[in-house]
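A.B. asks: Show me the folded form of this:
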Amino acid sequence: MANAIELIGWFGKAPELLYALAVVGADRDGEGNFIITGEPVFQGMDGDVVVSSGCCYLVKGQRCLLAALMNSTSYGIRNIAVI
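C.D. replies: Numbers count the residues shown, from 1 in each chain. Purely as a prediction, here's the structure:
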């Protein structure tokens, strides 16, 4: 069985996610897109996004947990189980 901490994710709007990444100075690629590693961010057609515990972003090349960042904000629905 998976460890409970491995299931913690976040659900919210894409602009909230992008804003949080900009605030923390997340690394971007050559085209200006934020670099996301590990599991992908799932995006619905209505702008909703789901971030699982395996999604990471980079700050100066260091991997950081994206769900942890988003769960520390007042945005979206925090600490969801992503199966």
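A.B. asks: only C-alpha atoms for contact and neighbour calcs from this point on.
C.D. replies: OK.
A.B. asks: For the most centrally placed residue in the chain, which non-adjacent residue is spatially closest?
C.D. replies: Centroid-nearest residue in the chain, with Cα atoms, centre = their mean: Leu66, separated by 3.5 Å. Once flanking residues are discounted, Leu66 sits nearest to Cys56: 4.9 Å by Cα to Cα, 6 or more residues apart in numbering.
A.B. asks: and the one you found, what are its bridge partners?
C.D. replies: Taking DSSP bridges as the rule, Cys56 bridges to Thr37, Leu65.
A.B. asks: since we're on the spatially closest residue to Ile36 that is not a sequence neighbour, how many residues are nearby?
C.D. replies: Sequence neighbours aside, Tyr57 is the residue nearest to Ile36 in space, at 4.7 Å (criterion: Cα to Cα, 6+ apart). Close neighbours of Tyr57, defined as other Cα atoms under 10 Å, add up to 22.
A.B. asks: could you give the mean pLDDT of the longest helix seen in the chain?
C.D. replies: Identified as the longest helix of the chain according to DSSP state H is helix 14-23. Averaging pLDDT along helix 14-23 yields 97.
A.B. asks: With Val49 as the reference, measure out to the residue nearest to the centre of the chain.
C.D. replies: According to Cα to Cα, to the nearest Å, Leu66 and Val49 sit 12 Å apart.
A.B. asks: Mutual contacts of those two, please.
C.D. replies: Residues touching both Leu66 and Val49 by Cα atoms under 8 Å, 6 or more residues apart in numbering: none at all.
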